[in-house]
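> curious how this folds, go ahead:
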Amino acid sequence: MTPRPYYGWVVLGAAFVIVTMAIGTLFSLAVFLRPLEESMGWARASVSAVSLMNWIAMGMGSFAAGYLSDRFGTRRVVLTGGALVGGGLILSGRVEALWQFYVTFGVLVGFGVSCFYVPLTVTAIRWFEHRRGLAASIVSSGNGLGTLALAPLTRWLINAYDWRMAFLVLGELALIIVVTMALFLRPAPAPAVAARAGVTPRAIWTSWPFWAIALTHFACCASHSGPIFHMVTHAIEKDGQRLQQEPCHESWLGADAVRNHARAHSARDGGEPGDAECPRRGEGRHALLYVFPSGPGALYTLAMVFGVGYGSVMPLYAVVTREYFGEHAIGTAYGSIFFISCIGMGLGSYAGGIIHDLFGSYLWLFLGSGMMATAAILLGASLQAPRAEIGHA
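Residues are numbered from 1 along each chain as shown. Below you'll find the model as predicted:
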């Protein structure tokens with residue numbers, strides 16, 4: 001008799017597709033940056049502020065989504081997020097004022113995307129209890145692959161029609177894909193051994209490992225968000241050729257997806273704090289190196305190397321959080337950590353716009369990114385391998 005396929009692979013595939021679509025639309029804002037400047041007359045710092053609001057909304061929503069998915073199930077949370085993302089993108093194509101764009105893309109899309117990454121990562125880890133690194137890496141690889149696919153689609157739609165039509169098409173795609181894939185999501189089977197009582201939120205938030213992981217994640221995101229968000233416009237200003245803007249962005253995203261795929265095959269069942277140190281060191285060096293390249297070839301190569309560092313470190317935070325706080329509390333713990341990291345993600349991209357408007361270049365952005373990556377390394381080094389789950393020592 002042929003054994004039935006393990007349904008966890010269906011859940012993992014659905015989670016990957018949802019994250020690919022959702023994060024792809026989120027990062028597509030970088031492709032809209034110049035068209036919005038030229039069409040609406042908005043300053044670069046003003047558009048960058050939309051990204052700040054986007055990430056703050058995503059962080060706040062992730063905190064709630066992790067908590068709600070622990071209690072009511074992931075499918076309901078994801079369906080809610082699909083409606084918010086699709087609606088927010090469609091409405092973004094109809095805005096006439098900057099404040100409206102803040103609401104539609106900054107708030108609605110931000111809260112919508114927050115319903116995906118944390119709940120889906122947690123669900124995948126629960127289905128693959130003995131292959132947690134594999135599950136987290138496959139879900140996380142959607143971060144890069146999504147924008148690798150959607151960046152050229154977005155650019156083509158803008159060139160063939162306009163930015164308003166691009167938002168409309170992305171919104172419709174998000175609704176169709178997310179809602180369809182959410183129907184395949186199911187909770188993981190209960191473990192054979194009864195689970196211990198979960199850690200209380202108070203115990204999580206008052207422990208040093210929580211803050212060490214959260215602040216490391218914050219500094220890591222603050223260091224790479226500026227170079228990621230402003231990479232396209234930096235490439236344009238460096239080589240002066242508008243048509244070459246997407247390959248630079250796609251080089252980073254493709255490298256991110258490939259590195260996550262490699263991490264998925266090499267990841268151990270668990271995670272240790274030291275696992276993230278080498279990728280973080282690489283991010284710090286590579287952010288500083290953005291100061292020097294002048295030709296498109298050098299920029300694309302550096303973008304790929306930067307993507308390798310980014311793709312290596314991101315899946316590890318969920319795995320390390322699981323090691324410290326256990327399976328039952330991972331939704332609340334990782335949702336809280338992801339909330340703090342999203343603030344760093346928004347501040348980095350917003351600071352890049354302000355720096356460019358003040359100084360006319362991204363020099364101080366890349367120098368600051370290198371310093372934030374160094375801070376992430378020092379914070380991560382303060383973590384020791386857990387001897388027992390928090391609350392069960």
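> helix or strand for Tyr350, which one?
Under the assignment given by DSSP states H and E, the secondary-structure element containing Tyr350 is helix 330-359.
> list the buried residues of that helix.
Residues of helix 330-359 classed as buried: 330-356 (neighbour count, 16 or more other C-beta atoms under 10 Å). For every residue, glycine as well, the C-beta is placed using N, CA and C.
> any idea of the pLDDT on the residue nearest the centre of the chain?
Averaging the C-alpha coordinates of the chain gives a centre point, and the residue nearest to it by C-alpha atoms, centre = their mean is Asn143 (5.8 Å). We have a pLDDT of 76 for Asn143.
> which is the next helix or strand following the helix holding Tyr350?
Proceeding C-terminally, helix 330-359 gives way to helix 363-381 as the next helix or strand, assigned by DSSP H and E.
> can you give me the buried ones in that next one?
Using 16+ other C-beta under 10 Å as the test for burial, helix 363-381 gives 364-366, 368-370, 372-377, 379-380.
> can you point me to the longest helix in the protein?
Among the elements of the chain assigned as helix by DSSP state H, the one spanning the most residues is helix 208-239.
> off-centre distance for that helix?
The offset between the C-alpha centroid of helix 208-239 and the centroid of the whole chain comes to 11 Å, using C-alpha atoms, centre = their mean, to the nearest Å.
> which parts of the stretch 1-150 of the chain are helices?
Listed in chain order, the helices of the stretch 1-150 of the chain (DSSP state H, counting those that start in this stretch) span 8-27, 29-40, 44-72, 74-92, 98-101, 110-114, 117-127, 132-160.
> mind putting those into a markdown table with distance to Val169?
Written out in a markdown table, the entries for the helices of the stretch 1-150 of the chain read as follows (distance: least, C-beta to C-beta, whole Å):
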| stretch | distance to Val169 |
| --- | --- |
| helix 8-27 | 11 |
| helix 29-40 | 13 |
| helix 44-72 | 19 |
| helix 74-92 | 9 |
| helix 98-101 | 17 |
| helix 110-114 | 17 |
| helix 117-127 | 23 |
| helix 132-160 | 6 |
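> re the thing from before, now, the most widely separated pair of the buried residues of helix 363-381?
Using C-beta to C-beta, the buried residues of helix 363-381 span at most 24.5 Å, a distance reached by Trp364 and Gly380.
> pLDDT below threshold where in the stretch 1-150 of the chain?
When the per-residue scores of the stretch 1-150 of the chain are filtered using pLDDT under 70, the ranges that remain are 1-5.
> so how far is Asn143 from the closest residue to Thr123 other than its chain neighbours?
Distances taken as C-beta to C-beta, 6 or more residues apart in numbering place Thr74 nearest to Thr123, at 4.7 Å, with adjacent residues excluded. Noted for Thr74: a distance of 18 Å to Asn143, by C-beta to C-beta, to the nearest Å.
> picking that back up, just list what the longest helix of the chain packs against, helices and strands only.
In this structure, helix 208-239 makes packing contacts with helix 29-40, helix 44-72, helix 245-266, helix 277-289, helix 296-313, helix 316-325, helix 330-359, helix 363-381, judged by 3 or more C-beta pairs under 8 Å, 6 or more residues apart in numbering; DSSP states H and E.
> verify the stated contact: the residue nearest to the centre of the chain with Val19.
Yes. With the criterion set as C-beta atoms under 8 Å, Asn143 and Val19 qualify as a contacting pair; they are 6.8 Å apart.
> picking that back up, once you drop chain neighbours, what's closest to the residue nearest to the centre of the chain?
Leaving aside its sequence neighbours, Asn143 sits nearest to Ile23 (C-beta to C-beta, 6+ apart; 4.8 Å).
> what angle sits between the helix holding Tyr350 and helix 316-325?
Using axes from the mean of the first three to the mean of the last three C-alpha atoms, to 10 degrees, the direction of helix 330-359 lies 140 degrees away from that of helix 316-325.
> quick one: distance of helix 330-359 to the chain centre.
Centroid displacement of helix 330-359 relative to its chain, using C-alpha atoms, centre = their mean, is 10 Å.
> so what does it touch, helix or strand wise?
For helix 330-359, the elements it packs on are helix 44-72, helix 117-127, helix 201-205, helix 208-239, helix 316-325, helix 363-381, judged by 3+ C-beta pairs under 8 Å, 6+ apart.
> looking at those helices, which is closest to Phe27?
Short answer: helix 208-239, nearest of the helices and strands packed on helix 330-359 by C-beta to C-beta, at 7.4 Å.
> mind checking the backbone torsions on Gly360?
phi 80, psi 10 (degrees, to the nearest 10).
> run a quick neighbour tally on it.
9 (other C-beta atoms under 10 Å).
> my guess is Leu383 contacts Ala214, does it?
No. Using C-beta under 8 Å, Leu383 is not in contact with Ala214, being 11.3 Å away.
> who's more crowded, these two?
Ala214 (24 against 19).
> how close does the more buried one get to Val50?
Plainly put, Ala214 is 25 Å away from Val50 if you go by C-beta to C-beta.
> repeat that for Val78.
Val78 sits at a distance of 24 Å from Val50 (criterion: C-beta to C-beta).
> same question, Met165
As judged by C-beta to C-beta, Met165 and Val50 stand 19 Å apart.
> what does Gly368 give?
Distance from Gly368 to Val50, by C-beta to C-beta: 21 Å.
> any chance of CSV for the buried residues of helix 363-381, columns pLDDT and distance to Leu12?
Shown next, in CSV, are these (pLDDT from 0 to 100; distance: C-beta to C-beta, whole Å):
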residue, pLDDT, distance to Leu12
Trp364, 81, 41
Leu365, 80, 36
Phe366, 79, 36
Gly368, 82, 37
Ser369, 80, 32
Gly370, 80, 35
Met372, 82, 32
Ala373, 79, 30
Thr374, 82, 35
Ala375, 82, 33
Ala376, 81, 28
Ile377, 80, 31
Leu379, 81, 30
Gly380, 76, 27
